[in-house]
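>>> Give me a 3D structure for the following:
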Amino acid sequence: MDLAPLMQERTPEQLRTWISGPHRINPKTNCDTRLLPDSDRDLLLNYLAISLHPPPPTREELLRQQFEKDLAASREQKQRKANDAARRAQGKK
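All right, here's what the predicted structure looks like:
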């Protein structure tokens, strides 16, 4: 189940209320969090918040992404030059 649309419609406090007692909000729900310790509820809320709004990439991740992009562009340029040289060589025959 994709929770992103639900997460966008609810405030963190509304989610906290739901997770702490879903049957108080919707008596017909199958969600049961009664045995979930408070610390796990906090972890669950943090997970949901991060999954919807992931933290920005680290500097190292950005540098790696840029390196991979530059490397792919360089390989593509070399391949184009090789293809152009092969076409010119075929034309001279």
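
>>> could you check the distance from the closest residue in space to residue 17 that isn't next to it in sequence over to residue 50?
Nearest residue to residue 17, sequence neighbours excluded (C-beta to C-beta, 6 or more residues apart in numbering): residue 25, at 6.9 Å. All C-beta spots, glycine's among them, are computed from the backbone N, C-alpha and C. Per C-beta to C-beta, to the nearest Å, residue 25 is found 23 Å from residue 50.

>>> what's the answer for residue 63, then?
Look at residue 63 and residue 50: by C-beta to C-beta, they are 22 Å apart.

>>> residues contacting the closest residue to residue 22 other than its chain neighbours?
In space, and not counting its chain neighbours, residue 22 is closest to residue 31: 4.2 Å by C-beta to C-beta, 6+ apart. Residue 31 is in contact with 18, 22, 23, counting by C-beta atoms under 8 Å, 6 or more residues apart in numbering.
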